[in-house]
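Enquirer: Got a sequence here, can you model it:
(2 chains)
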Amino acid sequence: EIVLTQSPGTLSLSPGEGATLSCRASQSLTRNYLAWFQQKPGQPPRLLIHDVSIRATGIPDRFSGSGSGTDFTLTISTLEPEDFAVYYCQQYGSSVLTFGPGTKVDF
Amino acid sequence: EVQLVESGGGLVQPGGPLRLSCAASGFTLSTYWMHWVRQAPGQGPVWVSRIKPDGTYTTYADSVKGRFTISRDNAKNTLSLQMNSLRAEDTAVYYCARGPSGYPDSWGQGTLVTVSS
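Expert: Next up is the predicted model:
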């Protein structure tokens, strides 16, 4: 099973600032199969990015993904009030899919 | 609009069975992979299982293999998860989600399963 670790656990920022979230895999991902999700309290996760850097339908371009191999990054260029949430990475490079533990972005 | 509505959650005793269902609408179920993902209170999501569009291929997390069975009825637009030999650690909100094969791109609101005596 591929284990994902995310850092930091919590990111304390203010609206208008930028955010950089890290996700590290325990082994290199096949074809960079990595997605990012956003979750707000009481809601299911929402897909933001798949295949490392492809934004899902309707996701604003202030969200971007990058990385390869074992190290991946989600960048939020300028935080809007609605972006304060928990962010999870998820790999699909193996037959067993796994999520990271999450990074909470708060202020 | 894609809609996924889970049902069947509730309180069940350890060792008991429970069957979850998911009603799909707003898209052609037979062309999508489907997933079950669970989330324990205060924890991150954990992928449970997925099934190929035609139902011929399934995969499971190690923690549920041999106890849970995913299935689908494309004609009735439904996805199911049969859960047997339930344990306290299976307590979670269970989400039905639409794929591609690798990741869920649309999620239901979830149904709560509580395993307790």
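
Enquirer: Can you report how many residues neighbour the residue in chain B that chain A sits nearest to?
Expert: In chain B, the residue that lies nearest chain A is B:G102 (3.0 Å; Cβ to the nearest Cβ). Glycine gets a C-beta too; all of them are placed from N, C-alpha and C. Neighbour count of B:G102, defined by other Cβ atoms under 10 Å in any protein chain shown: 21.

Enquirer: Report the central residue of chain A.
Expert: Nearest to the centroid of the C-alpha atoms of chain A, with distances taken as Cα atoms, centre = their mean, sits A:W36, at 3.6 Å.

Enquirer: my read: it touches A:Y87, true?
Expert: Yes: with contact defined as Cβ atoms under 8 Å, A:W36 counts as touching A:Y87 (6.3 Å).

Enquirer: which residues are common contacts for those two?
Expert: In terms of Cβ atoms under 8 Å, 6 or more residues apart in numbering or on different chains, A:W36 and A:Y87 are both contacted by the residues A:L48, A:L74.

Enquirer: thought the residue of chain B closest to chain A was touching A:V96?
Expert: No: contact between B:G102 and A:V96 fails when scored by Cβ under 8 Å: they sit 11.5 Å apart.

Enquirer: quick one: the strands in chain A?
Expert: A:4-7, A:10-12, A:19-25, A:34-39, A:46-50, A:54-55, A:63-68, A:71-76, A:86-91, A:98-99, A:103-106 (DSSP state E).

Enquirer: neighbouring strands for the fifth one, and are they parallel or not?
Expert: Strand A:46-50 sits in its sheet next to strand A:34-39 (antiparallel), strand A:54-55 (antiparallel), going by DSSP bridges.

Enquirer: Who are the contact partners of the residue of chain A found nearest chain B?
Expert: Going by Cβ to the nearest Cβ, chain B is nearest to A:Y92 of chain A, at 3.0 Å. Contact partners of A:Y92, counting by Cβ under 8 Å, 6+ apart, are A:Y33, A:L34, A:A35, B:S101, B:G102, B:Y103.

Enquirer: about what we covered before: are we agreed that the residue of chain B closest to chain A is in a helix?
Expert: No: applying DSSP: H, G, I helix; E, B strand; the rest coil, one finds B:G102 to be coil, outside a helix.
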